[in-house]
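S.K.: can't give you the sequence, but here's the structure:
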């Protein structure tokens, strides 16, 4: 079964809007795992507008599933990840002024740069995943970079799902087939929701993990956190 990693950035956004410790991030992580999450994803950014550096360290001791830290591999980010040693690090090409992830890596143009970073993470036993668009050449580039996994950037799929779901998913299926052929495991994330997740999970071969935050936390406001997590898991 495809694993569900819950991205808790939005919970931190609510906390930071008011200050203080409500909602409490550590309690949220404990509950997400208790309610069935197979992993926890965070994306700390330099301005700490949601997840803070302190959160990154506070979460580590209470992880009972898998810890996935995603972010742009600045020197500070690399040092922090190596200190924490999560099960997985997901590299995204977001600069510091980007609101949310909006594209995958150019794994061919930046191959040498990414390869050097991935080697460093692997030396510390950290599984590496690279955020990519659903393009064969970018999947091939991820393999050349030495990544263990790719994370398919699913915004285009989510955008065009209602219009023509077969057309929307076609490039993702081909990218996933190529990844499997190359021995890369497959993650996916961005704008996956209760509406479009089931079809995506059924059509993508060998889908190991989805990382879902914005939609799931939004649904939890209406449905409750435990119910929302279980509803997403049922779709997988």
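M.R.: Nice, I can see it. The structure presented is a predicted model; accordingly, all values stated were derived computationally and were not measured. Residues are numbered from 1 along each chain as shown.
S.K.: Quick one: residues contacting the residue most central in space within the chain.
M.R.: Among the residues of the chain, the one closest to the centroid is residue 211, at 4.3 Å (C-alpha atoms, centre = their mean). Shown in contact with residue 211 (C-beta atoms under 8 Å, 6 or more residues apart in numbering): 5, 6, 7, 39, 41, 68, 70, 90, 151, 187, 188, 189. In this view, the C-beta of every residue, glycine as well, is placed from N, C-alpha and C.
S.K.: Recalculate using a threshold of 7 Å.
M.R.: Counting by C-beta atoms under 7 Å, 6 or more residues apart in numbering, residue 211 makes contact with 5, 7, 41, 68, 187, 189.
S.K.: Confirm that the first one sits in a strand.
M.R.: Yes. Read with DSSP: H, G, I helix; E, B strand; the rest coil, residue 5 is one of the residues of a strand.
S.K.: so where do the strands sit in this structure?
M.R.: 3-7, 39-42, 67-71, 88-91, 127-132, 149-153, 185-189, 207-212 (DSSP state E).
S.K.: I'd like the average pLDDT over the first one.
M.R.: To tie it back to what came earlier, the one meant is strand 3-7. Averaging pLDDT along strand 3-7 yields 98.
S.K.: now the angle between strand 207-212 and it, please.
M.R.: Here strand 3-7 runs at an angle of 20 degrees relative to strand 207-212 (axes from the mean of the first three to the mean of the last three C-alpha atoms, to 10 degrees).
S.K.: Format the strands of the chain as JSON lines; extra columns: distance to residue 219.
M.R.: Output for those, formatted as JSON lines (distance: least, C-beta to C-beta, whole Å):
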{"stretch": "strand 3-7", "distance to residue 219": "11"}
{"stretch": "strand 39-42", "distance to residue 219": "16"}
{"stretch": "strand 67-71", "distance to residue 219": "20"}
{"stretch": "strand 88-91", "distance to residue 219": "22"}
{"stretch": "strand 127-132", "distance to residue 219": "23"}
{"stretch": "strand 149-153", "distance to residue 219": "21"}
{"stretch": "strand 185-189", "distance to residue 219": "16"}
{"stretch": "strand 207-212", "distance to residue 219": "10"}
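S.K.: Can you tell me which of those is nearest to residue 172?
M.R.: strand 149-153 (5.7 Å; C-beta to C-beta).
S.K.: Run through who's touching that closest one.
M.R.: Contacts of strand 149-153 with the rest of the structure, by C-beta under 7 Å, 6+ apart, involve 90, 101, 103-104, 127, 129-134, 139, 142, 172, 175, 179, 184-190, 208.
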